[in-house]
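*Asks:* One predicted model, sequence on top.
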Amino acid sequence: MTEFSVKSTIISRYAFTTVSCRMLNRGSEDQEIEFLMQIPAAAFITNFTTLIGDKVYQGEITEKEKKNGDKVKEKRNKTTEDNGEKGTETFRASVLIPSKDKAAFFLSYEELLQRRLGKYEHVISVRPQQLVGRLTVEVNVLESSGITLLEVLPLRNSRQKGSGRAEDDTGPPPSTVINQNETFAKVIFKPSVVQQARIAQNGILGDFIIRYDVNREQSIGDIQVLNDYFVHYFAPKDLPPLPKNVVFVLDSSASMVGTKLRQTKDALFTILHDLRPQDHFNIIGFSNRIKVWKDHLVSVTPNNIRDGKVYIHHMSPTGGTDINGALQRGIQLLNNYVAHNDIEDRSVSLIIFLTDGKPTVGETHTLKILNNTKEAARGQVCIFTIGIGNDVDFKLLEKLSLENCGLTRRVHEEEDAGSQLIGFYDEIRTPLLSDIRIDYPPSLVEQATRTLFPNYFNGSEIIIAGKLVDKKMDRLHVQVTASNSKKFVILKTDVPLGPQKAGNDVTGSARPKGDSEEDPNHLERLWSYLTVKELLSSWLQSDDEQEKERLRQKAQTLAVSSRFLTPFTSLKLKESSLQMSKLEDSHGVSAATGPGTVMQSLQGSSAQPGSALKKPYNPKIKVSKTSGKEGSLCDL
């Protein structure tokens, strides 16, 4: 590998990333090599281009034929635990490089950064696994409302063999340069071969991580408009927390024996101490029997916390896994508490559900468990699920959370379940608002992403995007209604819409160019991204075949026009008539512009789609997700 470079441009939380990698076969024989890149599970790949010798193979996102559905699923199951890190998927391309010849790979992907615990986190996988002559990571952050905090973390090493740790593991990695003003930051990590060897003898293996947050002035949030699209970022602060009613539902079946149960118990001791005086709680342990600590929720007092800890301490692993029974009992406890107490005090009802297995006792049919849970919860109870280890039915946990206003997390076998559980709890420990509804005038706004949210937790962010109908209007009326601990909150404002220009240019950015050769509208990309994500989520939740098909077609059409690789689209490579030298010119040495501009110059090429590729130029490319989503493997 002669060069490995990554360039990311983040504009208003939306990240465009391009990876370029150059290889040289110095040997006297043809050699098959593999290009591997871990990308965040939430990202969509938007392009892949490869050069072999003087031939260019350009990627194209097309509709996936439906008849392959079964094959896709079967393959995905085999590769679900495919060496990936938590929350990532692995992109693989293997090609044959002729002797003394070279190859290059250009991969682009996009993602919307999520705000967690008050910060956005952008993670770039740097795993060349060898010392590289030219290694560069460059991240540009542009936030018009102002950057309030920016930190570059030490390289986060992988759990896999061969990872080294730098001697100084506190600040940014060696050779990192940070330049920053109020609204713009540029971070460059460019270690020399000697610096790379100091970090890890056989080449860097880790994640380059940037965390930041932005300035928040208005209580109603920040609304940005560009051409015909708007995005509304809503993250209020300085509100009193809502009381929580929380039931901890813990798997105590035989498979939890040892480290898993010990770490879970330790984490729960910490979490119980964090509960607020106005909260109420209960604890359920389940195996083939459901063991409830108290027959009702209790208030947070030193005695109750102590007794709860003793109860958890004495849990011992035995028997099977009655997931349905445990959830039903937890929801029943919460419903009874809310029904029998003065609801003048608004509160949020949560279940934190932790298991390491599949349902083996009681109701074991997945669809029945989902329906029973949804019926019992009636949208009033949010279920947060944590799956530990490799035997867990992660798809069931994901659907339980999706359908019941919660979140889900996966903890791999060799990770510390305790710290993951505490980190997950920290995200939901402070509910500030419930029943949030955001309204815009229907005559002025169309195709808005979802506008109803069950809860808002401190440190997170609600993001809505939509299209503006009337280009001439000068104001947008926004109204937010929600419940806070004692009262309804109504926020209203008129947002001025001045002449909108795409003034957010970052020189040599990694953004793809549109057909008009102008920079794409990042708010339009963000709207497309959110809309496709919501369609995929609805598709996953729907049990109606007709509705599923309608959602599939809608998601597929938008994904193809936005160039997103999803479970319903595939990436085809076709040979382009553009020669290597021209491509090199377009890219420049550092691939600073990313393949977006190159794609544009290839549009006019006379390549036949799907033209037969002769050996040895036969790129075999496989994308496998390790996040356990349905249909998440794509064969190209």
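*Replies:* Happy to help now that I have it. Numbering: from 1, shown residues only.
*Asks:* For the helix or strand hosting Arg262, which helices and strands make contact with it?
*Replies:* Using DSSP states H and E, Arg262 falls within helix 259-274. If you count contacts as 3 or more C-beta pairs under 8 Å, 6 or more residues apart in numbering; DSSP states H and E, helix 259-274 packs onto strand 244-251, helix 302-313, helix 417-428. All C-beta atoms are positioned from the backbone trio N, CA, C, and that covers glycine.
*Asks:* can you tell me which of these the model trusts least?
*Replies:* Lowest mean pLDDT of the helices and strands packed on helix 259-274: helix 417-428, a mean of 88.
*Asks:* which residues touch that one?
*Replies:* 116-117, 259-260, 263-264, 266-268, 270-271, 274, 350, 352, 354, 384, 386, 388, 407, 409, 411, 457, 459-460 (C-beta atoms under 8 Å, 6 or more residues apart in numbering).
*Asks:* Kindly report the same for stretch 112-122.
*Replies:* So stretch 112-122 is contacted by 8, 10, 13-15, 42, 139, 149, 209-213, 235, 426-427, 458-461, 463, 526, 529-530 (C-beta under 8 Å, 6+ apart).
*Asks:* Any of those buried? List them.
*Replies:* For these, a burial check counting by 16 or more other C-beta atoms under 10 Å picks out 8, 10, 13-15, 42, 139, 209-213, 235, 426-427, 458-461, 463, 526, 529-530.
*Asks:* Tell me which entries of these lie within strands.
*Replies:* 8, 10, 14-15, 139, 209-213, 463 (DSSP state E).
*Asks:* can you give me the helices in the stretch 151-300 of the chain?
*Replies:* 193-199, 259-274 (DSSP state H, counting those that start in this stretch).
*Asks:* follow-up on the earlier one: which of the ones in strands among the buried ones among the contacts of stretch 112-122 lies closest to Lys55?
*Replies:* Ser8 (28.3 Å; C-beta to C-beta).
*Asks:* how much space between the closest one and Met1?
*Replies:* According to C-beta to C-beta, to the nearest Å, Ser8 and Met1 sit 20 Å apart.
*Asks:* how about stretch 354-368: buried residues?
*Replies:* 354-359, 361-363, 366.
*Asks:* for stretch 178-197, same thing?
*Replies:* Neighbour count says stretch 178-197 has 184-187, 189, 191, 195-196 buried, by 16+ other C-beta under 10 Å.
*Asks:* Would you reformat those residues as TSV and include distance to Lys399 and pLDDT?
*Replies:* Shown next, in TSV, are the buried residues of stretch 178-197 (distance: C-beta to C-beta, whole Å; pLDDT from 0 to 100):
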residue	distance to Lys399	pLDDT
Phe184	41	96
Ala185	38	96
Lys186	41	97
Val187	38	96
Phe189	39	96
Pro191	43	93
Gln195	46	89
Gln196	43	89
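*Asks:* Verify the contact between Arg289 and Gly320 for me.
*Replies:* No: the criterion here is C-beta atoms under 8 Å, and Arg289 misses it with Gly320 at 9.4 Å.
*Asks:* re the thing from before, tell me which of the buried residues of stretch 178-197 fall in strands.
*Replies:* Using DSSP E, the buried residues of stretch 178-197 in strands are 184-187, 189.
*Asks:* now the residues you listed as TSV including distance to Ser20?
*Replies:* Output for these, formatted as TSV (distance: C-beta to C-beta, whole Å):
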residue	distance to Ser20
Phe184	23
Ala185	22
Lys186	18
Val187	18
Phe189	15
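*Asks:* and of those, the nearest to Ile178?
*Replies:* Val187 (5.2 Å).
*Asks:* Find the nearest non-adjacent residue to that closest one, please.
*Replies:* Val139 (4.6 Å; C-beta to C-beta, 6 or more residues apart in numbering).
*Asks:* OK, contacts around that neighbour?
*Replies:* Applying C-beta under 8 Å, 6+ apart, the residues near Val139 are 7-10, 122, 124, 185-187, 210.
*Asks:* if you set the cut-off to 6 Å instead, what comes out?
*Replies:* Going by C-beta atoms under 6 Å, 6 or more residues apart in numbering, Val139 touches 8, 187, 210.
*Asks:* pretty sure Tyr233 contacts Ile220?
*Replies:* No: applying C-beta atoms under 6 Å as the test, Tyr233 and Ile220 come out as separate, 10.3 Å apart.
*Asks:* of those two, who's got more company?
*Replies:* Set Tyr233 next to Ile220 and count neighbours by other C-beta atoms under 10 Å: Tyr233 wins out with 20 against 16.
*Asks:* Tell me the bridge partners for the more buried one.
*Replies:* Assessed by DSSP bridges, Tyr233 has beta-bridge partners Asp222, Ile463.
*Asks:* Any idea how many residues pack against Leu370?
*Replies:* When neighbours are counted by other C-beta under 10 Å, Leu370 comes out with 20.
*Asks:* For Glu363, see how far away it is.
*Replies:* Counting by C-beta to C-beta, the gap from Leu370 to Glu363 is 10 Å.
*Asks:* I'd like the buried residues of stretch 354-368 as a markdown table, with distance to Leu242, secondary structure and pLDDT appended.
*Replies:* A markdown table is the format used below for the buried residues of stretch 354-368 (distance: C-beta to C-beta, whole Å; DSSP: H, G, I helix; E, B strand; the rest coil; pLDDT from 0 to 100):
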| residue | distance to Leu242 | secondary structure | pLDDT |
| --- | --- | --- | --- |
| Leu354 | 23 | strand | 92 |
| Thr355 | 27 | strand | 91 |
| Asp356 | 31 | coil | 90 |
| Gly357 | 33 | coil | 87 |
| Lys358 | 34 | coil | 90 |
| Pro359 | 32 | coil | 92 |
| Val361 | 35 | coil | 92 |
| Gly362 | 33 | coil | 92 |
| Glu363 | 32 | coil | 93 |
| Thr366 | 32 | helix | 92 |
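*Asks:* tell me the secondary structure for Lys572?
*Replies:* Using DSSP: H, G, I helix; E, B strand; the rest coil, the structure places Lys572 in strand.
*Asks:* Kindly provide the distance from it to Arg26.
*Replies:* The value you get for Lys572 to Arg26, if C-beta to C-beta is used, is 31 Å.
*Asks:* what's the answer for Leu333, then?
*Replies:* Distance from Leu333 to Arg26, by C-beta to C-beta: 67 Å.
*Asks:* Equivalent analysis for Val6, please.
*Replies:* From Val6 to Arg26 the distance is 24 Å (C-beta to C-beta).
*Asks:* Who has more neighbours out of the two?
*Replies:* More crowded of Val6 and Arg26, by other C-beta under 10 Å: Val6, with 24 against 9.
*Asks:* Could you grab the helix/strand/coil label for the more buried one?
*Replies:* strand.
*Asks:* and the longest helix belonging to the chain, which residues are buried?
*Replies:* Scanning the chain for the longest helix, with DSSP state H as the assignment, gives helix 522-541. Neighbour-count burial for helix 522-541 flags 522-533, 535-536, 538-541 (criterion: 16+ other C-beta under 10 Å).
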